[in-house]
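>>> Kindly return the folded structure for what I paste below:
(one chain, ligands or ions: 1)
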Amino acid sequence: APMHPGENSTYAKELECDVLIVGAGFGGVYLLHKLRDEVGLNVKIFEAANELGGVWRWNCYPGARVDTQVPVYEYSIEKVWKDWTWTQKYPDFNELRNYFHHVEKQLDIKKDVSFNTRVIGSQFDSESKTWTVKTEDGRTAKCKYLINAIGFAAKRHFPDWKGLTDFKGELHHSSFWPDSGVDVKGKRVAVIGTGSTGIQIAQETAKDAASVTVFQRTPNLCLPMRQRDLTKEEQQNAKAEYPEIYRKRLTTFAGFSYDYIEKNTFDDNEEDRQKFFEELWAEGGFRYWLAGYKDLLFDAKANDQAYNFWAKKTRARIADPRKRDILAPLKAPHAWGTKRPSLEQNFYEMMDRAENDVVNVKETPITEFTETGIVTSDGKLREFDIIALATGFDSVTGGMKNMGLKDTEGKDLAERWKNGTWTYLGMTCHGFPNMFFLYGAQGPTAFSNGPTCVEVQGDWIVDAIATMQKTGKQTIEATKDAETEWHKLVTELSDKTLFPGTESWYMGANIPGKPREQLNFAGGFPLYEKECRNALDGWKGFVVT
Ligand code: N01
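A predicted model of the protein is given here:
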């Protein structure tokens, strides 16, 4: 039977509220707090998992940790940050789960959350001006506003491999790893996929496993994490600067505490350029990606310089020449930084060890699974005890297309988005009055620090709803023209960059048959905020009644 860690009326068969939020991760929790505690509305959350935390509730695969340093990766809410300290610069999922317990203590969220509650259908009735939301276990909710805060990774991706279910050992998708863990000690482990997830699983399991074999289709151009422990004292001493950090992160391209420098790659001579790359490298983290020359993601020749430096540094860490050429080829497999680089700790040294291996599945794709292992196109069978599928997600759009969201005429969003994605401001859709979403399609999402993104978008949604309420309005709906214009802007911004030239989930390229288009807003936070704030002024692009 489903377990409900919360309690009270939220479990009634029929629920009525002003705002129903789907998802209790960073986004949903923020919105509930603001709309309930500051605007004074009756707000509830439906959450499919049994705890707060969203992606951090689902992801407990070995090595799962965040690639953004704290305190940038947390809420700017003073009541939350004031008494909270971390043990590491890049905390793991356990610590992030504890953070959500702290959030609960400070903000009292759970009393308004219905856990183990999966939404399977929603439609707005233009007459009564209410949404009806249905859940998998047969309950309904009626609300004036519906907000989808389901994140960009709500739908897992299982490639269509022959024999996948024949494997007799343990096989788990990264985002559905057993909460009790998997004992890899002395076991032969396969990791399929080298996204952020695959790198972390491989690096962590290699500590105990007999062997780790990584199936790589595209090399991950990883950056050194330079993890370090944090003391309580240094964090307490730094708290005076937090408001400034949180103000600053709204002004940077990706919502971090640093930004690109006002210089292009070839403004510096070779010697100064190498020196600058060395500095970024020594600092570790995403600086090499997000705090370098401002033409990194725009100019192919500039990008080559970044790749070459990366390859020089990384190749020097791998002694085995075959592995070196697969993991860090001399020639760039794609423009550096147009796929998400992982932060690694000792990934390359670990892969270099004799017991571990990398299989280049671009050359020899996986053809089938057997009871004992994985066969590649060269006919070779490799046997394993445990297989980790780190094959990612139908990212950004997959979740919203998979929750039975119907427009006013009864057409599913999946149908409307079949050949391309249409939103206004990456937060609303034509045909879906009084519906908002965040951290999804055509917002800063994948090009941003999550907490920054949900606060920027969350504040906008809160302001939109509060204004509607104050002025006695009943409905808000984006116009079709506004969607067309937004689509054009999202495309134009992306076309100026190197992103469209790379096969990545940013472009929808990881899912067979998915339309190829930019799924994220590539203009940075300052421009994004300006566009959104303009729209609030006189409801530009909306019909409000
Ligand atoms: O998923 P991914 P993820 N045959 O889609 C491969 C965030 N995140 O779970 O690159 C063979 O990135 C696929 O290959 P290719 C972060 O934003 C953050 O790792 O398409 N291989 C790829 O290597 C991240 O970007 C954190 O050629 C196949 C891998 O599977 C996002 O979540 C940690 C295949 C999928 O990588 C998603 O990351 C984890 C096939 N048929 C995640 N199909 C931190 O902050 C797919 N692949 C640390």
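>>> Hmm, residue 346 and residue 317 touching each other?
No. With contact taken as Cβ atoms under 8 Å, residue 317 and residue 346 are classed as non-touching, separated by 9.1 Å. To be clear about C-beta, it is placed using only N, CA and C from the backbone, and glycine gets the same treatment.
>>> quick one: which of those two has more around it?
residue 317 (17 against 14; other Cβ atoms under 10 Å).
>>> Which residue lies closest in space to the more buried one, excluding its sequence neighbours?
If the residues on either side of it in the chain are set aside, residue 317 comes closest to residue 348, at 4.2 Å by Cβ to Cβ, 6 or more residues apart in numbering.
>>> After the host helix or strand of that neighbour, which helix or strand is next? Please name it.
Taking DSSP states H and E as the criterion, residue 348 maps to helix 347-352. Per DSSP H and E, helix 347-352 leads on to strand 357-360 as the next helix or strand towards the C-terminus.
>>> and for that next one, what are the contacting residues?
211-216, 323, 326-327, 351, 376, 382 (Cβ atoms under 8 Å, 6 or more residues apart in numbering).
>>> Could you do stretch 38-45 as well?
10, 15, 17-24, 28-29, 31-32, 35-36, 109, 112-114, 141, 143, 462, 465-466, 469.
>>> Tell me which of those residues fall in helices.
Secondary structure defined by DSSP state H assigns 28-29, 31-32, 462, 465-466, 469 of the contacts of stretch 38-45 to helices.
>>> doesn't residue 239 make contact with residue 82?
Yes. When contacts are counted by Cβ under 8 Å, residue 82 is listed as touching residue 239 (7.1 Å).
>>> Who has more neighbours out of these two?
Remark: of residue 82 and residue 239, residue 239 carries more neighbours, 16 against 11, as counted by other Cβ under 10 Å.
>>> so who does that one touch?
Taking Cβ under 8 Å, 6+ apart as the contact definition, residue 239 lies against 81-82.
>>> So it: helix, strand or coil?
Using DSSP: H, G, I helix; E, B strand; the rest coil as the criterion, the local structure at residue 239 reads helix.
>>> picking up where we left off before, count of residues packed around the residue nearest to residue 317?
When counting by other Cβ under 10 Å, one arrives at 21 neighbours for residue 348.
>>> Please apply the same query to residue 234.
Close neighbours of residue 234, defined as other Cβ under 10 Å, add up to 10.
>>> and it, what element?
Taking DSSP H and E as the criterion, residue 234 maps to helix 232-238.
>>> Buried residues of that helix, list them for me.
By neighbour count with 16 or more other Cβ atoms under 10 Å, helix 232-238 contains the buried residues residue 235.
>>> pLDDT of it, averaged?
Summarised as a single mean, pLDDT over helix 232-238 is 97.
>>> helices or strands next to the following helix or strand past that helix in the packing?
Moving toward the C-terminus from helix 232-238, the first helix or strand encountered (DSSP H and E) is helix 242-248. Helix 242-248 makes packing contacts with helix 78-81 when contacts are defined by 3 or more Cβ pairs under 8 Å, 6 or more residues apart in numbering; DSSP states H and E.
>>> Contacts for the helix it packs on, please.
Under Cβ under 8 Å, 6+ apart, the answer for helix 78-81 is 71, 74-75, 102-103, 106-107, 239, 242-243.
>>> Helix or strand next in line after that helix, which one?
Read in the C-terminal direction, the helix or strand following helix 78-81 is helix 93-107, with elements assigned using DSSP H and E.
>>> What are the buried residues along that following helix?
Of the residues in helix 93-107, those buried (16+ other Cβ under 10 Å) are 93, 95-100, 103-104, 106-107.
>>> What segments of the stretch 51-200 of the chain are helices?
Secondary structure of the stretch 51-200 of the chain, counting by DSSP state H, counting those that start in this stretch: helices at 55-58, 78-81, 93-107, 196-205.
>>> just so I know, which of those lies nearest the ligand?
Counting by Cβ to the nearest ligand atom, the ligand lies closest to helix 196-205 out of the helices of the stretch 51-200 of the chain; the figure is 3.3 Å.
>>> which residues touch residue 309?
Neighbours of residue 309 in contact, by Cβ under 8 Å, 6+ apart: 274, 277, 281.
>>> Residue 316 is in contact with the last one, correct?
It stands for residue 281. No. Between residue 281 and residue 316 there is no contact under Cβ under 8 Å: 11.9 Å.
>>> For the two, indicate the residue with more neighbours.
Using other Cβ under 10 Å, the more surrounded residue of residue 281 and residue 316 is residue 281, with 16 against 11.
>>> Find the centremost residue of this structure, please.
Using Cα atoms, centre = their mean, the residue of the chain that lies closest to the mean C-alpha position is residue 152, 5.2 Å off.
>>> Now which of the ones in helices among the contacts of stretch 38-45 would you call buried?
Neighbour-count burial (16+ other Cβ under 10 Å) applied to these gives 28-29, 31-32, 462, 465-466, 469.
>>> Now tabulate those in JSON lines and tack on pLDDT.
Below are these laid out as JSON lines (pLDDT from 0 to 100):
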{"residue": "28", "pLDDT": "98"}
{"residue": "29", "pLDDT": "98"}
{"residue": "31", "pLDDT": "98"}
{"residue": "32", "pLDDT": "98"}
{"residue": "462", "pLDDT": "98"}
{"residue": "465", "pLDDT": "98"}
{"residue": "466", "pLDDT": "98"}
{"residue": "469", "pLDDT": "97"}
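>>> hmm, back to that, out of the contacts of residue 309, which comes closest to the ligand?
Taking those together and measuring to the ligand by Cβ to the nearest ligand atom, the closest member is residue 281, at 19.0 Å.
>>> Enumerate the residues of this protein near the ligand.
65-67, 153, 159, 174, 192-198, 217-218, 340, 361, 366, 390-392, 446, 505, 510 (Cβ under 6 Å from any ligand atom).
>>> Which members of the residues you listed are classed as buried?
When burial is judged by neighbour count using 16+ other Cβ under 10 Å, the buried members of the residues of the chain next to the ligand are 65-67, 153, 174, 192-198, 217-218, 340, 361, 366, 390-392, 446, 505, 510.
>>> who does the helix holding residue 348 touch, helix- and strand-wise?
Packing contacts for helix 347-352, counted by 3+ Cβ pairs under 8 Å, 6+ apart, involve helix 196-205, helix 321-327.
>>> Give me whichever of the ones you listed is most buried.
Per-stretch averages of neighbours, counted by mean count of other Cβ atoms under 10 Å, single out helix 196-205 among the helices and strands packed on helix 347-352, with a mean of 25.
>>> And for it, what's in contact with it?
59, 61-65, 67, 174-175, 184, 189, 191-192, 194, 212, 214, 220, 222, 340, 342, 344-347, 350-351, 356, 388, 390, 392.
>>> Quick check: next helix or strand after it?
Moving toward the C-terminus from helix 196-205, the next helix or strand (DSSP H and E) is strand 211-216.
>>> strand partners of that next one, parallel vs antiparallel please.
Sheet pairing for strand 211-216, assigned by DSSP bridges, gives strand 188-192 (parallel), strand 357-360 (parallel).
>>> Stretch 459-478 spans what distance, first to last residue?
Taking Cα to Cα, to the nearest Å, the first and last residues of stretch 459-478 lie 18 Å apart.
>>> Surely residue 490 forms part of a helix?
Yes. According to three-state DSSP, residue 490 belongs to a helix.
>>> Find me the pLDDT at it, would you?
pLDDT recorded at residue 490 is 98.
>>> How many residues are close by residue 468?
The criterion is other Cβ under 10 Å. On that basis, residue 468 has 18 neighbouring residues.
>>> Name whatever forms a beta bridge with the closest residue to it other than its chain neighbours.
Leaving aside its sequence neighbours, residue 468 sits nearest to residue 476 (Cβ to Cβ, 6+ apart; 6.0 Å). Here residue 476 shows beta-bridge partners residue 544, assigned using DSSP bridges.
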